[in-house]
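In: Need a 3D model of the following:
(2 chains)
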Amino acid sequence: MKTVVAQGLSKCYRIGEYKAGYETLRDTISHAARRALRLEHVDHSLEELWALKGVSFEIEEGEVVGFIGRNGAGKSTLLKILTQITPPTEGTASIKGRVGSILEVGTGFHPELTGRENTYLNGAILGMKRREIAAKFDEIVEFSGIEKLIDTPVKRYSSGMYVRLAFAVAAHLDPEVLIIDEVLAVGDHEFQQRCMGRIEDISSSGRTVLFVSHDMSAITRLCGRAYWLHAGEVMDEGVAEDVVSRYLQDSSGTGAEKVFAEGEAPGSDKLRLLSARIVDADGETQHSVDVREPVGIECRFAVMGETGPLFPKFKLGNDRGEVVFNAFDTDPRWRTQPEPGIYTCTAWIPPNLLNEGVLAVDVTVAALGAPTLVNHVNVPGVVRFHVTDPGEGDSAKGLFTGKLRGGVRPLLDWTTEFDDSRGYETAKRTTGSAVSSAET
Amino acid sequence: MWTPQAFGSTMLSAPDSPVTLIRPARRSGLPDFRELWQARDLALILAWRDVKVRYKQSLIGIAWAVLQPLLTMVVFTLIFGTFAQLPSQGLDYPVFAMLNLVPWTFLAAVFTLTAGSVLTNRMLVQKVHFPLLILPLACILVPLVDFVFSFAVGLGITTWYDTAIQPTIVLVPLFLLMLAMTGIGLGSFLAVVNVRYRDVPYAVPFLVQLWLFASGVIYAAEALPERYLAIASLNPAIGAITGFRWAVAGTPPPTTTMLVVGVIMTLVFFVGGLAFYRRAEPRFADTL
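Out: As a prediction, the model looks like this:
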């Protein structure tokens, strides 16, 4: 059953009129007077900006759909139309079921009012009935974890507490269709985990969720399908992971494969890099890689002269700009001068080693020039790929749904030993001395 | 193809789920009364917020509601009662002034609050959907609470000066309704202008001051020359304040012209102001 159907949604802003911010009456009167006196031709053709151009889509009941795109692509305008904050200029949409929207955490919170009062106020603003809020009040307060301060004006709250209470209210909204915008952009790491967890709960309970975010790993984790908006139009649509990887490829300008045209191949007159790509176990180029699968980084280069012993080398960097690791090809064959010809080297990264996110690969082929390396080729960020975790419980995260921090995220062998209860009793009795010895 | 992993036991949209239709804004049309009624909780809670916030950090709290008309009455009594010796329809001037100032303060407050209502709540307008008509409508509560207190003091002063309170006092709500509708109607008009032009907050106090002189607060409206009275009656405050004074203290009742023209103008302002507001409403979120 179709829950959300949008047909040709368009939104036009007239820039001269709206985007210039507010004007004063004096300005308008003086303009009008000048026009009248000089009988100026009144220019009605204010510059038009179509923030949304004929966007259509259909969302089935129970689907979790992500909307991605750059700033200004029309995501926010689309959400504002779907949440009825602003009407479309053209087109229609219909939404079946009770709609709840969170475009901001803590809308309408008043600093002078207490946590309790703001809970009722914010709940009403989000569309809850008074009775509904009263029924859920204890649950909300417990979720927020600020029981002690619930009767204190929120102006005395730290920003963390403020956001926690605000999200707690929003999280207890119980709509059939939930529209969420970037709420995860606020708060600390722990809070964001909580938000994600809650949104996952909501989405897995069969509700329809429309989710806008810049966090691509959140989109791939939560959403089944995604729409990519570009300049007010639907640029791409499909399985979230695929859309995200195509989007990332497009927005960074580099993808999972790079083939240099003849004459553009970087390098020296002795060695040139021909191509690089990311491959799966079957040798297919992949933009997006399941963390549980091995992934190969392949590069082809031509040796044309006396290079000396070589070190083909990859460096992986993540989207936070951290170096994940460097790796050399240590094959003894490179310890002597290689014959001229074309070489294809592939480095295999084992499954369950990388962390989720976008990784960029720098390809270097260096020669050993004592005591340092001399680069024949060094191309930073030549290819890029996206590591995803479908969250089925068999990766290094187990059943945890949040993000693990760190450059890598290996799946380690854990051993656990178990003592019977007598052993526990002994441990308890010796705790005191154990602590003091640990301190020294 | 992706399918939802688990269907919670809670609910999936029932066959009778409401369907929201989203269309380009239409130029006119009656407000959606059903939606407006469903938003009553929100309207009440917004009004309650304003009342709460108003008294929360003030030193003397609710006394402000009383002090404002009371001190104005004292000044008026000195200037217009003692020095200028304006006629006061047989009442002691303090009683006369107080009984005019209590409804006038109510009107001025409704008007001022309504004029700022959209701008004050712009964060809401830009972030959530709700019937925007509740913004001006929710502006009655604060002035009404103030009115209750100042009216009580007004009645005290009336009794203090040995003026009998008339049984017609039960008609006071009717005149109050006239004032509320006038204030909301004209205020809504300015609220719309305020979305686009930020001059309005500067203009409002000035307009209120001019309006005071045209509303028979200082003088009795009957004192006006006959030929101006019909024109003055276009201002519903004239009929409503005269009526209020009559209902409480038994001074001469408003003339038929004052009442008929006043009621018609009240409706014109109320319906006209809110219609203008409705027409501009779809663009609020884009313009603010």
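
In: tell me the pLDDT at residue B:94?
Out: Per-residue pLDDT puts residue B:94 at 90.

In: Name the helix or strand for it, please.
Out: Assessed by DSSP states H and E, residue B:94 sits inside helix B:93-120.

In: which residues in chain A form helices?
Out: For chain A, the helices defined by DSSP state H cover A:25-38, A:75-82, A:115-125, A:130-144, A:159-171, A:189-204, A:216-222, A:240-252, A:421-429, A:431-439.

In: Was I right to think residue A:59 contacts residue A:208?
Out: Yes - counting by Cβ atoms under 8 Å, residue A:59 touches residue A:208, with 6.2 Å between them. Heads up, the C-betas are built off the backbone N, CA and C, glycines and all.

In: Settle it for me: which of those two has more neighbours?
Out: A side-by-side neighbour count of residue A:59 and residue A:208, using other Cβ atoms under 10 Å in any protein chain shown, places residue A:208 first with 29 against 20.

In: tell me which helix or strand of chain A sits lowest on mean pLDDT?
Out: Within chain A, no helix or strand scores below helix A:431-439, which has a mean of 43 by mean pLDDT, DSSP states H and E.

In: Longest strand in chain A, please.
Out: strand A:372-388 (DSSP state E).

In: Could you check that strand against chain B for contacts?
Out: No - Strand A:372-388 stays clear of chain B (Cβ under 8 Å from any Cβ of the partner chain), getting no nearer than 13.5 Å.

In: what does the stretch 151-300 of chain A put close to chain B?
Out: Checking the stretch 151-300 of chain A against chain B by Cβ under 8 Å from any Cβ, the hits are A:153, A:174, A:176, A:203-207, A:224-225, A:239-240.

In: sorry, back to before: ranking the helices of chain A by mean pLDDT, which is last?
Out: Looking at those, the weakest mean confidence is helix A:431-439, a mean of 43.

In: Residue A:51 contacts residue A:13, correct?
Out: Yes - Residue A:51 lies in contact with residue A:13 (Cβ under 8 Å); the separation is 5.9 Å.

In: Closest to the centroid, which residue in chain B?
Out: With distances taken as Cα atoms, centre = their mean, residue B:110 lies nearest the centre of chain B, 2.7 Å away.

In: Does that residue touch residue B:181 like I think?
Out: No - with contact defined as Cβ under 8 Å, residue B:110 does not reach residue B:181; the gap is 9.1 Å.

In: Strands of chain B, start to end?
Out: B:19-22.

In: re earlier: what's the spacing between the closest residue in space to the residue nearest to the centre of chain B that isn't next to it in sequence and residue B:142?
Out: Using Cβ to Cβ, 6 or more residues apart in numbering or on different chains and skipping the chain neighbours, the partner closest in space to residue B:110 is residue B:183 (3.1 Å). Separation of residue B:183 from residue B:142 (Cβ to Cβ, to the nearest Å) stands at 12 Å.

In: mind listing what residue B:32 touches?
Out: Residue B:32 is in contact with residue B:131, counting by Cβ atoms under 8 Å, 6 or more residues apart in numbering or on different chains.

In: And it, what's its pLDDT?
Out: 77.

In: now swap in residue A:185 and tell me
Out: pLDDT, read off for residue A:185, is 56.

In: got the contact list for residue A:241?
Out: A:220, A:288, A:386, A:388.

In: I should have written residue A:248 there, sorry.
Out: So, once contact is read as Cβ under 8 Å, 6+ apart, residue A:248 ends up touching A:216, A:287, A:358, A:384, A:386.

In: Now do the residue nearest to the second one when sequence neighbours are not counted against residue A:278, distance only.
Out: Among residues not flanking residue A:287 along the chain, residue A:245 sits closest, at 3.7 Å (Cβ to Cβ, 6+ apart). Taken as Cβ to Cβ, the spacing of residue A:245 relative to residue A:278 amounts to 10 Å.

In: Near residue 282, how many other residues are there?
Out: Reading this off chain A. Neighbours of residue A:282 (other Cβ under 10 Å): 6.

In: My question was about chain B, not that one.
Out: Residues near residue B:282, counting by other Cβ under 10 Å, number 17.

In: Show the model's pLDDT score for the closest residue to it other than its chain neighbours.
Out: Counting by Cβ to Cβ, 6+ apart, residue B:282 lies nearest to residue B:25, which is 3.6 Å off, once chain neighbours are set aside. Looking at residue B:25, its pLDDT is 79.

In: where exactly do the helices run in chain B?
Out: So, for chain B - with DSSP H - the helices run B:33-38, B:40-56, B:63-76, B:93-120, B:122-127, B:134-137, B:141-160, B:172-196, B:200-213, B:226-232, B:236-249, B:256-280, B:284-287.
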